[in-house]
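1. after the sequence you'll find the predicted model.
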Amino acid sequence: MKKIFLLCLFFSLAVNADNGFSINVFKDEADRQFIDQSINQFLQRYNIPGLSIAIAKQEEILFAKGYGFADTNKKVPVNIAHKFRIASLSKPITAVAMMKLREEGKLKLDDKIFGKGGLLQGRFPTSNKFLQQITVRHLLEHTAGKNWTNDGGDPMFQDYKLSQANLIRKTLKENPITATPGNHYAYSNFAYCLLGRVIEELSGIPYESYVRKTLFKEIGANSFSVGNREPSNPAFQVRYIPDKEQSPYSFPVKRMDSHGGWVANAIDLVKFIMSVDGRGKDILSQESIKIMTTPSKHNKNYALGWNVNQYNNWWHMGSLPGTASIMVRTEHGYSWAVLLNKRSEDSTFMTELDKLTWNIIDGIKVLN
């Protein structure tokens, strides 16, 4: 397991009058001001109330700080311990858990999900010929079928009163895939919901319990939990600000566990990235990491649960009403996570969120 060095030898742990403790190794005042200015300008441009960020290089967390408010009504400032919904950053977590089960010899990527011998056939039986052809790999790389894509008809954002199991049964019956899987990329929350059930079936314990025990306990990332739809306690988890679409508290986050349900703080997300970055004693083998980050033939920028590119950078972004998030692992040794308690409908928002930390790293003197 990688050790995350949070020692005074490496860090300047300073108290910020507004936002509690922060981690900052950048002793140059100009660098400090540059980071603060960059983030505050981003928040102001998109009217975002609160943000938490953590940046690491190799084994060291270099910077972690909260900005703005965890609760705008109570004027509670964001600090580095605050948990945020991470939305689709949950998918790489589920992918790593699947690779862990593969290493334990409990599954193969080409195992079938349904049909005779299928991993979920006993729990969710179906005679549909196309469903019976879906494999673990298809679900991981979003190539199971276009019927389950993340659009206005996304199964995971329908029938909120249904339990997770009943939603799956209804979707398999009323909205099954209608073509041979494995031929097209179609981003699917429902696919990752099914993967969570595979994890439960093979581990014999709830999805959340398996992931916390197998992944997060090993790396000391204790802030992770699956969220719920109830208003948050601003002392621990931020309060989410609605956009024009939907209240952040109107949909069943717990039902979204394996595709979008986790909450965590930014530091623990960076710990997670560093535990599978391929640079040392990771929680997965180098072979597993290589397989997990190799793009599918149907999308050169998506592998198994991770966005990837030709520069050997891996990342994922997330977005829900009241939530935006990003985590990144770069070829040059950096890892970072940025979490927000509001998203913007501005067409430039997600692009600029992606650029934010790249620009910070490029502009800091000690790193160049």
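-> Ah, there it is.
2. please count neighbours and contacts with C-alpha atoms only from this point.
-> Will do.
3. residue ranges in the stretch 101-250 of the chain under the pLDDT threshold?
-> 245 (pLDDT under 70).
4. residue boundaries of the helices in it?
-> 136-140, 164-174, 189-203, 207-211, 217-219 (DSSP state H, counting those that start in this stretch).
5. ok, residue 233 to residue 227 distance?
-> Remark: distance between residue 233 and residue 227 (C-alpha to C-alpha, to the nearest Å) = 12 Å.
6. neighbour count for those two, which is higher?
-> Of the pair residue 233 and residue 227, residue 227 is the one with more neighbours under other C-alpha atoms under 10 Å, namely 23 against 13.
7. might one say that the more buried one is in contact with residue 260?
-> No - applying C-alpha atoms under 8 Å as the test, residue 227 and residue 260 come out as separate, 9.4 Å apart.
8. shared neighbours of these two, anything?
-> When C-alpha atoms under 8 Å, 6 or more residues apart in numbering defines a contact, the residues bordering residue 227 and residue 260 alike are residue 253.
9. on that earlier part again, most tightly packed of the helices of the stretch 101-250 of the chain?
-> Mean neighbour count, computed with mean count of other C-alpha atoms under 10 Å, is highest for helix 136-140 among the helices of the stretch 101-250 of the chain, reaching a mean of 25.
10. what's in contact with stretch 68-82?
-> So stretch 68-82 is contacted by 18-22, 49-53, 64-67, 234-240, 264-267, 341 (C-alpha under 8 Å, 6+ apart).
11. grab the most central residue of the protein for me.
-> Using C-alpha atoms, centre = their mean, the residue of the chain that lies closest to the mean C-alpha position is residue 89, 1.1 Å off.
12. how about that residue, secondary structure?
-> Following DSSP: H, G, I helix; E, B strand; the rest coil, the label given to residue 89 is helix.
13. residues in contact with residue 84?
-> Neighbour list for residue 84: 237, 238, 263, 264, 265, 323, 339, 340, 341 [criterion: C-alpha under 8 Å, 6+ apart].
14. among the residues you listed, who's most crowded?
-> Note: the member of the contacts of residue 84 with the most neighbours is residue 341, at 31 neighbours, neighbours being other C-alpha under 10 Å.
15. that residue and residue 243 touch, don't they?
-> No - using C-alpha under 8 Å, residue 341 makes no contact with residue 243, being 10.5 Å away.
16. any residues in contact with both of these two?
-> Residues touching both residue 341 and residue 243 (C-alpha under 8 Å, 6+ apart): residue 322.
17. just to revisit the earlier point, would you turn the helices of the stretch 101-250 of the chain into TSV with distance to residue 122?
-> What follows is these, written out as TSV (distance: least, C-alpha to C-alpha, whole Å):
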stretch	distance to residue 122
helix 136-140	16
helix 164-174	12
helix 189-203	10
helix 207-211	17
helix 217-219	30
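18. where do the strands sit along the stretch 51-200 of the chain?
-> 60-71, 76-77, 84-85 (DSSP state E, counting those that start in this stretch).
19. compile these into a markdown table and extend it with columns for distance to residue 169 and mean pLDDT.
-> Output for these, formatted as a markdown table (distance: least, C-alpha to C-alpha, whole Å; pLDDT from 0 to 100):
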| stretch | distance to residue 169 | mean pLDDT |
| --- | --- | --- |
| strand 60-71 | 38 | 96 |
| strand 76-77 | 42 | 96 |
| strand 84-85 | 27 | 98 |
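20. of the ones you listed, which approaches residue 330 most closely?
-> Residue 330 lies closest to strand 60-71 among those, at 14.3 Å (C-alpha to C-alpha).
21. buried stuff in that closest one?
-> For strand 60-71, a neighbour-count test (16 or more other C-alpha atoms under 10 Å) marks 60, 61, 62, 63, 64, 65, 66, 67, 68, 69, 70, 71 as buried.
22. try stretch 110-119
-> Residues of stretch 110-119 classed as buried by neighbour count (16+ other C-alpha under 10 Å): 111, 112, 113, 114, 115, 118, 119.
23. quick one: contacts for residue 243?
-> Neighbour list for residue 243: 321, 322, 342, 343, 344, 345 [criterion: C-alpha under 8 Å, 6+ apart].
24. sorry, back to before: so which of the helices of the stretch 101-250 of the chain is nearest residue 152?
-> helix 189-203 (12.2 Å).
25. picking that back up, could I get the pLDDT score of the residue nearest to the centre of the chain?
-> The confidence metric pLDDT takes the value 98 at residue 89.
26. same thing with residue 283?
-> Predicted confidence (pLDDT) at residue 283: the value is 97.
27. how many other residues sit next to it?
-> The burial metric for residue 283, expressed as a neighbour count using other C-alpha under 10 Å, is 23.
28. skipping adjacent residues, who's closest to it in space?
-> Leaving aside its sequence neighbours, residue 283 sits nearest to residue 275 (C-alpha to C-alpha, 6 or more residues apart in numbering; 5.8 Å).
29. do the same with residue 99
-> The shortest distance from residue 99 to any residue other than its chain neighbours is 6.4 Å, reached at residue 288 (C-alpha to C-alpha, 6+ apart).
30. can you point out the helix or strand that includes that neighbour?
-> Using DSSP states H and E, residue 288 falls within helix 286-292.
31. for that helix, buried residues please.
-> Of the residues in helix 286-292, those buried by neighbour count under the rule 16+ other C-alpha under 10 Å are 286, 288, 289, 292.
32. which of the residues you listed sits closest to residue 94?
-> Of all the buried residues of helix 286-292, residue 292 has the smallest distance to residue 94: 11.4 Å, by C-alpha to C-alpha.
33. for residue 101, see how far away that closest one is.
-> Using C-alpha to C-alpha, one obtains 13 Å as the distance from residue 292 to residue 101.
34. same question, residue 313
-> Distance, residue 313 to residue 101, by C-alpha to C-alpha: 24 Å.
35. thanks again, I'm all set now.
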